[in-house]
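*Asks:* 3D model of this:
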Amino acid sequence: MVNNRPFLKGMGLALGVIVPIIAVTASSGSDATSAGERAGELAVAPLLGGLVVGVWAKIATHPWRWVDYVLRFAICTIVLFGVNAFGRSLFPAAPPPPLVPAVDLTEAEKQNLSVIGGWVRHSTFSFTLPVGDKFGLAPGLQSEMNQRRASLPGTFVWALANDGGDRIITVFVAKGLGDDEPAFRGLTHAIGTSTGKQASRVLEDTVRWDRRAREFRHGVRLFSGLYVRTRCLPSSSTWNAPYINPSYIVCVQTLSPDSADLDDARLHLKVPWRDPLWR
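*Replies:* Sure thing, here's the model as predicted:
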């Protein structure tokens, strides 16, 4: 053999690139599913580059030095990254279908939110969160935000602001979703994408869906210097005799000049959730 163990050397070079890719994506703040998908996309080019170099060295008629392996691996990987990007531009992934909740909110449900004693409570959906004594409903802002969502039936936004108007808390409900993991991930992905377009830096972007917890957390710093942080929780269909309340997703989003401000409103959001094994 002219070149000894060419595939082992090619795969060694590939691993030298793939391992840092996995480390960077794992520490990016994205949830495990998104980080895994991103790492898989980026690892394809170096993996194929290692295979190509192995085949190339196998059929070579002269011995290679390590510098020959490294240069050829770098060229192959760069070319494969370019081919992958060009293919994505020619055949972009189809956008996911719009998520429209199945059930419209009734007028009573839109009016059943109250702010008493520093707590927000909804008498129908039964979620609660603390906002403090300085926050109250902001009808003008609330009307404006709901007009933007007029094309999304089954959704409603309540807006609260402090006396100075520099800190805002919004509560968003999507009725008819909540029991389904793909729907939850789709809605939270849309929220994160929309907020991320205005961000100078992403602070957090995680989704958890398991037996112990189901939630979405997202945080960004806007170009204006303000911080937007979001937390979403799903409910299961809950039994309130004599009828069943449909499931829903509730999101609390805070806008503040302080990154850690209004943490209590998000972290102490309580949503009734029944163990899915009891469905």
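
*Asks:* use CA for all of it now, contacts and neighbours both
*Replies:* Noted.

*Asks:* can you tell me the average pLDDT over the host helix or strand of residue 35?
*Replies:* For residue 35, the element it lies in under DSSP states H and E is helix 32-59. Here helix 32-59 scores 85 as its mean pLDDT.

*Asks:* Helices of the stretch 151-279 of the chain, start to end?
*Replies:* Taking DSSP state H, counting those that start in this stretch as the criterion, the stretch 151-279 of the chain carries its helices at 181-196, 263-267.

*Asks:* re the thing from before, next helix or strand past the helix holding residue 35?
*Replies:* Sequence-wise, the next helix or strand downstream of helix 32-59 (DSSP H and E) is helix 66-90.

*Asks:* so what secondary structure elements neighbour that next one?
*Replies:* Applying 3 or more C-alpha pairs under 8 Å, 6 or more residues apart in numbering; DSSP states H and E, we find helix 66-90 packed against helix 6-26, helix 32-59.

*Asks:* can you give me the angle the last one makes with helix 6-26?
*Replies:* Direction vectors for helix 32-59 and helix 6-26, defined by axes from the mean of the first three to the mean of the last three C-alpha atoms, to 10 degrees, enclose an angle of 160 degrees.

*Asks:* Tell me the helices and strands packed up against helix 32-59.
*Replies:* helix 6-26, helix 66-90.

*Asks:* Of those helices, which stretch is the most buried?
*Replies:* helix 6-26 (a mean of 17; mean count of other C-alpha atoms under 10 Å).

*Asks:* Dump it to CSV, restricted to CA.
*Replies:* Presented in CSV, the C-alpha positions along helix 6-26 are these (Å, rounded to 0.1, in the frame of the first residue of the first chain):
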residue,chain,number,x,y,z
PRO,A,6,-6.0,6.3,4.5
PHE,A,7,-9.6,6.0,5.7
LEU,A,8,-8.6,6.2,9.3
LYS,A,9,-6.6,9.4,8.7
GLY,A,10,-9.5,10.9,6.7
MET,A,11,-12.0,10.1,9.4
GLY,A,12,-9.6,11.5,12.0
LEU,A,13,-9.5,14.8,10.2
ALA,A,14,-13.3,14.8,9.9
LEU,A,15,-13.7,14.2,13.7
GLY,A,16,-11.3,17.0,14.3
VAL,A,17,-13.9,19.3,12.7
ILE,A,18,-17.1,17.6,13.8
VAL,A,19,-16.2,17.6,17.5
PRO,A,20,-15.8,21.4,17.7
ILE,A,21,-19.1,21.8,15.7
ILE,A,22,-20.9,19.7,18.3
ALA,A,23,-19.4,21.6,21.1
VAL,A,24,-20.3,25.0,19.7
THR,A,25,-23.9,24.1,18.8
ALA,A,26,-24.4,22.5,22.2
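
*Asks:* I appreciate the help and will end here.
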